[in-house]
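Q: Dropping a prediction and its sequence here:
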Amino acid sequence: MYNMQNNVTSIGNTQTGHHFWIGRFSNGIDYFAGQTFKPPKNGSLKSIRIFPEMIVGETDALVSVFEFDEQTHEWKDKKGECHLMLDNKMEKKWVSFDMNNISLEGSKQYAFKISCNHDGVMAIAECDWQQKNIYKDGEQWIGSSENPKGRFHRNFDLAFIAELEN
């Protein structure tokens, strides 16, 4: 999805279906998620929005943005990050992480990771699995403290919106 309005381009997918749980669970394992994306042109990343289906407890959610090597699936230089305290009042609403105008190049691939600190956990929305490869410029990533390299999924994505100012 690309949507251009008032010099701001939105990319991503807003359709929700399933969800993936992130945070530290009673088994002692931390679970993380992320998404790769490619801006359509050079610009400043204003925000990344995610859709928490459920939030249990209060959590300090962290979204970190990296340059990403699409061929090797390697996370490169960290471009920026944003912390946001979340609780169950923010369930089933788009939550915006201010990315402070991170400079992105349209010729490069990027990725963001989402993690939770403290005792809270949240289920973040994924796109409906019945609709294959809606956002062709990205892949969903899931990882854990036991598997920090994680794995990538080409045919479904997180529900997200990245807003870039051109």
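A: It's in.

Q: centre of the chain versus stretch 65-79, how much separation?
A: 14 Å (C-alpha atoms, centre = their mean, to the nearest Å).

Q: Distance across it, terminal residue to terminal residue?
A: End-to-end distance of stretch 65-79: 5 Å, with C-alpha to C-alpha, to the nearest Å as the criterion.

Q: Not counting its own residues, what contacts that stretch?
A: Stretch 65-79 is contacted from outside by 36, 45, 48, 64, 80-81, 99, 102-104, 108-113, 152, using C-beta atoms under 8 Å, 6 or more residues apart in numbering. Every C-beta, even on glycine, is put in place using the N, C-alpha and C of the backbone.

Q: got the residue ranges for the strands in the protein?
A: Secondary structure of the chain (DSSP state E): strands at 2-5, 8-13, 19-24, 30-37, 43-50, 52-56, 59-69, 74-86, 95-104, 109-117, 121-125, 140-144, 151-153, 160-165.

Q: The last one pairs with which strands, and in what direction?
A: Sheet pairing for strand 160-165, assigned by DSSP bridges, gives strand 8-13 (antiparallel), strand 43-50 (antiparallel).

Q: angle of it against strand 59-69?
A: 70 degrees (axes from the mean of the first three to the mean of the last three C-alpha atoms, to 10 degrees).

Q: what about strand 160-165, average pLDDT?
A: Per-region confidence: strand 160-165 scores 92 on mean pLDDT.

Q: Please tell me how far that strand is from the chain's geometric centre.
A: 11 Å.

Q: residues of it that come out buried?
A: 160, 161, 162, 163, 164 (16 or more other C-beta atoms under 10 Å).

Q: Could you find which two of those residues are furthest from each other?
A: Spatially, the most separated pair among the buried residues of strand 160-165 is 160 and 164, at 12.8 Å (C-beta to C-beta).

Q: quick one on the thing from earlier: using JSON lines, lay out the strands paired with strand 160-165 together with mean pLDDT and mean neighbour count.
A: Shown next, in JSON lines, are the strands paired with strand 160-165 (pLDDT from 0 to 100; neighbours: other C-beta atoms under 10 Å):
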{"stretch": "strand 8-13", "mean pLDDT": "72", "mean neighbour count": "20"}
{"stretch": "strand 43-50", "mean pLDDT": "96", "mean neighbour count": "21"}
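
Q: So, low pLDDT: which residues of the chain?
A: For the chain, residues meeting the criterion pLDDT under 70 lie at 1-6, 11-17, 128-136, 155-156.
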